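**Q** have a look; sequence and predicted model below, questions after that.
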Amino acid sequence: MKNILFCGSKNVFDGVLTGTLSILKRSEKTPLNIYIFTMDMTEMNKKFEPINEAQRLCLEKLVKEYDESSQVHLIDVKDIYTRELGGCPNEKAYCSPYTLIRLLADLIEDIPDKLLYLDCDIMFNRDIALLYDQDITKYEYAGACDHYGKYVFLHHPGYLNAGVLLFNMKKCKETGLFEKARNQLRRKKFIFADQTAIVKSTKKRKHLPQRFNDQKFLHKWTVVRHFSKRLFWFPYPHTANIKQWDIESMHKIYKYHQWDDVLDEYLKRKTEY
């Protein structure tokens, strides 16, 4: 059983669905136990609606077609978020308050000891077992360097990207990683919010090669392609935030066709919700 955590609003469910499909289609048959943290933040932005039950059912129907024992758990964390991080200096983070809610995982009952957190803008290019089966018994988590952060944050050698993190939840609870990170967020505003808070609160982590969280390129050995904001130099220096469910841009700008089978099924499944 592979335990996976996604966090987000209704608007990024397309990423949850495409990311999950990429796992299923690029991996050996394996049951998935998916947790989705969500909450209603429409008082801050009308677009910040929670992921709903219809979307959960759509995802659970999908994963059960691949393995009947798979499950999808939709967890409303609004009350815990309000108590722990509501009104903190990082609430209006660079993306949204949903980037912070992975740091509530230690407060949720029945969260398994090994948990793979994934941003919603990722696609698996190879078997999930290559990442999930990493030995992290001695570490709080495993992750890869942030492609741009490793140059910007030179005072933090090996500055990690928090979009793909394999957590040892038992160890994290022992060291208080999540509580320390929440304290950081309550005290000071960071450019990269939860990512910096995690890095500053870590006692022991396992560094993974870039292929486990490739934020710029796609190689045949890439395990996870992370579609975070990217810097382009031509025809002039600019950034673009292209996500995998923007199929036209995937084809036109990235010229990726590796996931056409995934995206074709995504378009069919999308009609269900």
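**A** Structure received.
**Q** contact partners for the most centrally placed residue in the chain?
**A** Against the mean C-alpha coordinate of the chain, by Cα atoms, centre = their mean, the closest residue is residue 119 at 1.8 Å. For residue 119, the residues meeting the contact criterion (Cβ atoms under 8 Å, 6 or more residues apart in numbering) are 15, 163-164, 226, 228. For glycine as for every other residue, the C-beta is placed from the backbone atoms N, C-alpha and C.
**Q** which pair in those residues spans the largest distance?
**A** Largest separation among those by Cβ to Cβ: 15 and 164, giving 13.1 Å.
**Q** need the helix or strand of the chain with the lowest average pLDDT.
**A** Of all the helices and strands that make up the chain, helix 149-152 has the lowest average by mean pLDDT, DSSP states H and E, namely a mean of 56.
**Q** state the next helix or strand along the chain beyond that helix.
**A** Reading on from helix 149-152 to the C-terminus, the next helix or strand found by DSSP states H and E is strand 164-168.
**Q** what pairs with that following strand, parallel or antiparallel?
**A** Sheet neighbours of strand 164-168, with direction, are listed as strand 114-118 (antiparallel), strand 141-144 (antiparallel) (DSSP bridges).
**Q** now those strands in CSV, please, with extra columns for distance to residue 69.
**A** Shown next, in CSV, are the strands paired with strand 164-168 (distance: least, Cβ to Cβ, whole Å):
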stretch, distance to residue 69
strand 114-118, 17
strand 141-144, 25
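**Q** single out the most deeply packed of those.
**A** Mean neighbours per residue, mean count of other Cβ atoms under 10 Å, is largest over the strands paired with strand 164-168 for strand 141-144, with a mean of 24.
**Q** just to revisit the earlier point, any idea which of the contacts of residue 119 is closest to residue 140?
**A** Using Cβ to Cβ, residue 164 comes nearest to residue 140 of those, at 14.9 Å.
**Q** residue contacts, that closest one?
**A** Under the criterion of Cβ under 8 Å, 6+ apart, the contact list for residue 164 reads 116-119, 122, 131, 143-144, 212-213, 224, 226.
**Q** what residues are bridge-paired with it?
**A** Here residue 164 shows beta-bridge partners residue 118, assigned using DSSP bridges.
**Q** and the pLDDT for it?
**A** Among the per-residue scores, residue 164 shows a pLDDT of 98.
**Q** so how far is residue 78 from it?
**A** Noted for residue 164: a distance of 25 Å to residue 78, by Cβ to Cβ, to the nearest Å.
**Q** just residue 143 next, same as before
**A** Per Cβ to Cβ, residue 143 is found 27 Å from residue 78.
**Q** now swap in residue 204 and tell me
**A** When residue 204 is compared with residue 78 (using Cβ to Cβ), they lie 32 Å apart.
**Q** with that, I have no additional questions.
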